[in-house]
Each structure stands twice: as C-alpha cells, then as structure tokens.
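> heads up, no residue letters with this:
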C-alpha cells in the first residue's frame, strides 16, 4: 500500500532520543510485564506523542504493579529507531509499542531477531507472527470537524497544514473537506505540505501563510500545538488534532479530534500477561472508542455542537460514512469520479487513497 512512501518517511524527524522509565505502581507483587514505548517527538503538552503517552499511563493505572513501562522520546525514524527498539527488546521488554509510520520497517527488522517479543506497529500495515498493527480511523473525526468548520467559517475558506501525503493524511484532508461541504457546498480547503511531522516553527509559518489567504479556520496533521498557537495569536479558529488544545488556544479552538489509545494498549499488555497475545490488524474508529470529537471552544453555538455530536453518533452506529456519495458522485480536484452515486469506498480503497477531493486547493506533495 505505502511502499513508495517508506523511504520518504524515514527522513521525517531527526532528534536525539531521550530515555525515561517509570516505576511500577503499587499493587500486586507479581512479576510485572515490561512494556516499551518509542515516541517520534518530544512529549509536549498536547499532540500525537502526548496521546500515546496518555495511553501508556492508562496501562499503568489499569494494571498497577503488574506492568512496568519504559518510554523513549525524540527517536528519529530509521536507524535511530531500530537501535532504540533493539535496545528495548534486548533488555527484557515483552511488548514494545512503536507508534509512527516510519517505525514500521525498523520494528519488523528487530522482530525477526526477537521472535519471543511482541511488537505493536501503530499506523503500520505489515504483520508477522510477533508483529501486530493497529491504527485509528482518524478520517471519521476529520469529517465531523469539517462540519464544525463549515458552520463556523465566515469566508468559507479553510487551511490544512499537512505532514506527508500518505493515505492516512489524504483521508483526513478529504474527509474534512467533505464534512465542510456537507454544510457549505462552496467551501474550499487550502493545503500546505511540510514533509515533516514535528517542526513547530515550520508548522507556525505555514499556518500564518494560510491566514494571509482568506483562511479563517485551520486544521493540521502535524505533531505539535504550533498551528493552534498561531490561530490564537491571529484571532482565527482551529481544529485541535490528537489532543484537546484549549490550553494553547482557549479562544481559537472550535473542536478537537482526539485519539484514545489507553484501552487498546491495556488490552494488548493484558494479553501478553495472560499468554493470549496474537498478531492482529485493528482499524478502529468512533464505534470502537478510538476516535472522539468534542472539547468545543466557547465560540461554538450549542446548535452546532449538537449537530456534530449527532453526526458522531450516526458514524458510531454505521448510519453515516464519510466516504459515501449521495445522489451525485464524489470527484477529485482534477475532475475524475472517485465515488459513484450512492456508493461508498471499501476499506481497501480508503487505505490506498492517493487523491485529493474536489474543493481542496493544492496538489499532492511528491
């Protein structure tokens, strides 16, 4: 699916890794499961890495002294990641979570040498007997955020600061645009590609550039709070991603798309503990509790909040699918029909998405 993207993503982040370790919580005296977590960026107050670290903390809260967790932050995708993952495997960690797409190949390589260690490749797609994959249907939350953005925007022009053009990001941009256009058919979304996941100054500059182009509401698929901070500074609106970012943008944030990893991580550590862990491939969304939209800002009217929450319930119940066409086809921004009237994309088609929907101003970054 993403074969042509792996080489690009290897160079996504270049950080010096920082090792940290917790101590077991009070509880049972049984030998704890050692669980390792590798993070692609620093643990900031909000964002991608923060949500995964909240998941790690949830494991500790649920299992107490039955688990001992270790995390390593600021690990570049590529050779650094392989070294860190290998170190964790060599030091007795029975399960290792690697939540970044560019960690997939290093994880697979280490897993070959440690067949008795269990690995969880988060956002990866290749499995082996001791490597499982898991991801969330972020696009479901993006569609819902698009409804809020479409209702709140005065200009009808939104911005989107994006990392890399992998299917996960394209799904989000397209779903966000479709959500906006479900309430404002003339809405447009301007995209800026950064070709990096975590670079706060670069993220901020991209947001500021978009605000100079009639954009009054902005979304992003990057790792920091910089875009939210820029929106707060400029008096614009923003959709928080990964985490609730109202501390950064108390006036700017209109809604947050958050990822909930605690239950999944806890379940997988418990499976190691009980000896029932098996490789699997999970893609969960609103229905599974892995994606949630809420944390509305003060400027969002109650009626808009309720509209978004009702749509969230409909997605959870399977009554609303972001990538389903109505009476007219869904076309890409070059005019090609992508979803026929009354039809919906299959999971396989969504996972291989390589186009931008009509309404998006921009091209794929190559």
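All right, it came through fine. Not measured: the values here are computed from a predicted model.
> ok, which stretches of the stretch 201-350 of the chain are helices?
Using DSSP state H, counting those that start in this stretch, the helices of the stretch 201-350 of the chain run over 226-234, 262-274, 302-316, 347-351.
> helices of the stretch 1-150 of the chain, start to end?
Counting by DSSP H, counting those that start in this stretch, the helices of the stretch 1-150 of the chain are 6-10, 48-63, 79-90, 104-113, 138-152.
> rank those helices by pLDDT, which is bottom?
Mean pLDDT per stretch puts helix 6-10 lowest among the helices of the stretch 1-150 of the chain, at a mean of 34.
> any stretches of this structure with poor pLDDT?
1-30, 365-366 (pLDDT under 70).
> could you report the separation of residue 222 from residue 304?
25 Å (C-beta to C-beta, to the nearest Å). In short, each C-beta sits where N, CA and C put it, glycine included.
> for residue 109, same thing?
Distance from residue 109 to residue 304, by C-beta to C-beta: 47 Å.
> quick one: which of these two has more around it?
residue 304 (19 against 13; other C-beta atoms under 10 Å).
> and the strands in the stretch 201-350 of the chain, which stretches?
217-221, 237-242, 253-259, 281-284, 291-294, 330-331, 337-339 (DSSP state E, counting those that start in this stretch).
> now the ones you listed as JSON lines including mean neighbour count?
Shown next, in JSON lines, are these (neighbours: other C-beta atoms under 10 Å):
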{"stretch": "strand 217-221", "mean neighbour count": "28"}
{"stretch": "strand 237-242", "mean neighbour count": "29"}
{"stretch": "strand 253-259", "mean neighbour count": "25"}
{"stretch": "strand 281-284", "mean neighbour count": "15"}
{"stretch": "strand 291-294", "mean neighbour count": "21"}
{"stretch": "strand 330-331", "mean neighbour count": "18"}
{"stretch": "strand 337-339", "mean neighbour count": "17"}
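> a markdown table please, covering the ones you listed and showing distance to residue 227.
Formatted as a markdown table, those follow (distance: least, C-beta to C-beta, whole Å):
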| stretch | distance to residue 227 |
| --- | --- |
| strand 217-221 | 4 |
| strand 237-242 | 6 |
| strand 253-259 | 11 |
| strand 281-284 | 26 |
| strand 291-294 | 18 |
| strand 330-331 | 27 |
| strand 337-339 | 28 |
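> relative to residue 42, which of those strands is closest?
strand 237-242 (13.6 Å; C-beta to C-beta).
> the closest one packs against which elements?
Where contact means 3 or more C-beta pairs under 8 Å, 6 or more residues apart in numbering; DSSP states H and E, strand 237-242 is packed against helix 48-63, helix 138-152, strand 217-221, helix 226-234, strand 253-259.
> what's the angle from the longest one to strand 217-221?
By that I understand helix 48-63. 70 degrees (axes from the mean of the first three to the mean of the last three C-alpha atoms, to 10 degrees).
> ok, the fourth one next?
Taking the same axes, to 10 degrees, helix 226-234 and strand 217-221 form an angle of 160 degrees between their directions.
> could you do the second one as well?
Inter-element angle recorded for helix 138-152 and strand 217-221: 170 degrees (by the same axes, to 10 degrees).
> strands paired with the following helix or strand past helix 138-152, and their directions?
The element immediately downstream of helix 138-152 (helix or strand, assigned by DSSP states H and E) is strand 157-162. With DSSP bridges as the test, strand 157-162 is paired with strand 188-193 (parallel), strand 217-221 (parallel).
> nearest to residue 187, of the strands of the stretch 201-350 of the chain?
strand 217-221 (9.7 Å).
> where's the closest one relative to the chain centroid, distance-wise?
Here the centre of strand 217-221 is set off from its chain's centre by 13 Å, with C-alpha atoms, centre = their mean, to the nearest Å.
> who touches that strand?
142, 145, 149, 152-153, 158-163, 168-169, 172-173, 176, 203, 207, 210-211, 227-228, 230-231, 236-239, 241, 254 (C-beta atoms under 8 Å, 6 or more residues apart in numbering).
> now list the buried members of the residues you listed.
In those, burial by neighbour count holds for 142, 145, 149, 152-153, 158-163, 168-169, 172-173, 176, 203, 207, 210-211, 227-228, 230-231, 236-239, 241, 254, counting by 16 or more other C-beta atoms under 10 Å.
> sorry, back to before: and the strands of the stretch 201-350 of the chain: which comes nearest residue 35?
Comparing those by C-beta to C-beta, strand 281-284 comes nearest, at 17.4 Å.
> mind listing residues that contact that closest one?
Contacts for strand 281-284 (C-beta under 8 Å, 6+ apart): 125, 127, 132-137, 264, 288, 290-291, 347.
> Produce a ChimeraX select command limited to the buried residues of those.
The buried residues among the contacts of strand 281-284 can be selected in ChimeraX (16+ other C-beta under 10 Å) with this line:
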select :127,132,133,134,135,136,137,264,290,291
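> for the contacts of strand 281-284, work out which two are farthest apart.
127 and 291 (21.8 Å).
> one step back: mind checking which of the helices of the stretch 1-150 of the chain is nearest residue 324?
helix 138-152 (10.6 Å).
> other SSEs contacting that closest one?
Counting by 3+ C-beta pairs under 8 Å, 6+ apart, helix 138-152 packs on helix 167-183, strand 217-221, strand 237-242, strand 253-259, strand 291-294, helix 302-316.
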